[in-house]
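>>> what follows is a predicted protein model with its sequence.
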Amino acid sequence: MTLAAVLGAGSWGTAFGKVLADAGCDVALWARRAEVAGAIQTTRRNADYLPGIPLPRRLRATSDVGDALAGADLVVLAVPAQTLRANLAGWAASIPPDVSLVSLAKGVELGTCKRMSEVICEVAAVPRERVCVLTGPNISREIAEEQPAATVVACPDHDRAVAVQAACAAPYFRPYTNTDVVGCELGGAVKNVIALACGIAQGMGMGVNTLATIITRGLAETTRLGVALGAEPMTFAGLAGVGDLIATCTSPLSRNRTFGERLGRGESVAEITSATRQVAEGVKSCLSVLDLAQRTGVEMPITEQVVRVVHHGEAPADMVKELMTRETKPE
């Protein structure tokens with residue numbers, strides 16, 4: 001019997017905790033706020049993040065991280081990308097030895113430009129073979145509703161990826177394995193940025209041709225960056241690449257696409273941020289993705305324009321003009 005600790009009770013952490021329980025694991029879900037943990041225990045619901053979704057009896061909630069980690073065979077890190085380092089620094093000493101660490105965060109760290117698996121290895125002082133990345137088209141609400149979905153478990157240690165795959169294979173959730181951690185992580189990080197661009201276009205009233213163009217050219221720049229950093233090109237044709245990109249760029253449940261849509265309608269970043277509880281990872285990660293691209297010498301024009309709109313106050317109409325008047329070239 002696998003005992004899994006899921007650290008982070010937001011929408012995706014809660015939904016994945018449900019997946020693990022439905023796959024046969026006993027799950028301890030850690031919530032930062034004691035009232036959230038208490039409500040989950042009492043009502044079997046996480047009303048703040050997944051209202052209306054019943055949670056399995058095999059999942060229990062706690063606000064004591066030591067309690068959540070005690071005896072765990074599997075530790076899932078389900079906090080936002082830009083808070084992972086600080087949170088993990090406080091948890092590392094309590095993590096049982098030799099467990100697999102699974103990252104749900106999709107982003108690139110500001111300042112260091114490190115992928116989440118690199119942050120985990122550094123902070124927890126573990127070899128990369130112990131760290132798995134779970135990524136793909138992971139719209140949490142749909143998965144919590146048990147709509148059929150697939151995902152990728154990426155780890156340089158294939159046997160460890162297979163073990164995590166077995167732990168989260170539920171009737172409605174089909175995991176595949178991959179050893180290309182670099183490609184899977186970059187696909188998950190950059191798609192949030194491209195989704196912001198798609199949302200901006202949608203908010204401006206643009207149609208399917210525009211969205212298809214942004215998605216396709218966004219995939220091209222994601223692949224360029226990944227290959228330059230050693231990823232396998234075919235990874236971006238799979239669930240961690242185009243699969244996640246399509247879901248995040250087209251779903252009205254996507255936080256990044258929704259954030260971009262509100263920008264496209266004329267709202268400011270401050271207005272949108274103050275009105276929402278959940279984190280749109282691309283808002284911060286677009287800066288680190290662009291930084292990583294510039295350090296690597298890779299051109300990412302969509303990412304660059306998203307940064308200008310989100311962080312430098314450029315008008316969405318100017319973003320469109322900049323992208324459409326670039327020098328023409330072969331595809």
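Nice, thanks for sending it over.

>>> just the buried positions in stretch 248-267, please.
Under the neighbour-count criterion of 16 or more other C-beta atoms under 10 Å, stretch 248-267 has 248-251, 254-264 buried. From N, CA and C alone the C-beta is placed, and that goes for glycine too.

>>> now, the residues you listed that are in helices?
Counting by DSSP state H, the buried residues of stretch 248-267 place 248-250, 255-264 in helices.

>>> pick the one among those residues closest to Gly71.
Arg255 (33.3 Å; C-beta to C-beta).

>>> CA atoms only: put the longest helix belonging to the chain into CSV for me.
The single longest helix within the chain, with elements called by DSSP H, is helix 181-203. Extracted C-alpha coordinates of helix 181-203, given in CSV (Å, rounded to 0.1, in the frame of the first residue of the first chain):
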residue,chain,number,x,y,z
VAL,A,181,12.5,15.6,-18.0
VAL,A,182,13.8,18.8,-19.7
GLY,A,183,11.3,18.6,-22.5
CYS,A,184,8.4,17.8,-20.3
GLU,A,185,9.1,20.6,-17.8
LEU,A,186,9.6,23.2,-20.5
GLY,A,187,6.4,22.2,-22.3
GLY,A,188,4.6,22.6,-19.0
ALA,A,189,6.2,26.0,-18.3
VAL,A,190,6.0,27.7,-21.6
LYS,A,191,2.4,26.7,-22.4
ASN,A,192,1.3,29.0,-19.7
VAL,A,193,2.9,31.9,-21.5
ILE,A,194,1.4,31.0,-24.8
ALA,A,195,-2.0,30.6,-23.1
LEU,A,196,-1.8,34.2,-21.9
ALA,A,197,-1.2,35.3,-25.5
CYS,A,198,-4.2,33.2,-26.6
GLY,A,199,-6.4,34.7,-23.9
ILE,A,200,-5.3,38.2,-24.9
ALA,A,201,-6.3,37.5,-28.5
GLN,A,202,-9.7,36.0,-27.4
GLY,A,203,-10.3,39.0,-25.2
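
>>> could you check the angle helix 255-264 makes with that helix?
Inter-element angle recorded for helix 181-203 and helix 255-264: 30 degrees (by axes from the mean of the first three to the mean of the last three C-alpha atoms, to 10 degrees).

>>> check which helices and strands the helix or strand of the chain with the lowest mean pLDDT sits against.
Within the chain, judged by mean pLDDT, DSSP states H and E, the helix or strand with the poorest mean is helix 269-274; its value is a mean of 91. The contact analysis (3 or more C-beta pairs under 8 Å, 6 or more residues apart in numbering; DSSP states H and E) places helix 269-274 against helix 255-264.

>>> Arg224 contacts Met300, correct?
Yes. With contact defined as C-beta atoms under 8 Å, Arg224 reaches Met300; the gap is 7.4 Å.

>>> who has more neighbours out of those two?
It is Met300, of Arg224 and Met300, that has more neighbours when counted by other C-beta atoms under 10 Å, with 25 against 17.

>>> hang on, isn't that one packed against Ala228?
No. Met300 is beyond contact range of Ala228, at 10.6 Å (criterion: C-beta under 8 Å).

>>> in this structure, which spans are strands?
Applying DSSP state E to the chain gives strands spanning 3-7, 26-30, 59-62, 74-77, 100-103, 131-135, 149-154, 173-178.

>>> can you give me the mean pLDDT across the fifth one?
If you average the pLDDT over strand 100-103, you get 98.

>>> from the chain's centroid, how far away is that strand?
Relative to the chain's own centre, strand 100-103 is displaced by 14 Å; criterion: C-alpha atoms, centre = their mean, to the nearest Å.

>>> elements contacting that strand?
strand 74-77, helix 116-124, strand 131-135, helix 158-167.

>>> hmm, try it at 10 Å
If you count contacts as 3 or more C-beta pairs under 10 Å, 6 or more residues apart in numbering; DSSP states H and E, strand 100-103 packs onto strand 3-7, strand 74-77, helix 84-91, helix 116-124, strand 131-135, strand 149-154, helix 158-167, helix 181-203.

>>> dump the residue contacts of Val79.
With contacts defined as C-beta atoms under 10 Å, 6 or more residues apart in numbering, Val79 is in contact with 7-10, 12-13, 30, 32, 85-88, 91, 103-105, 279.
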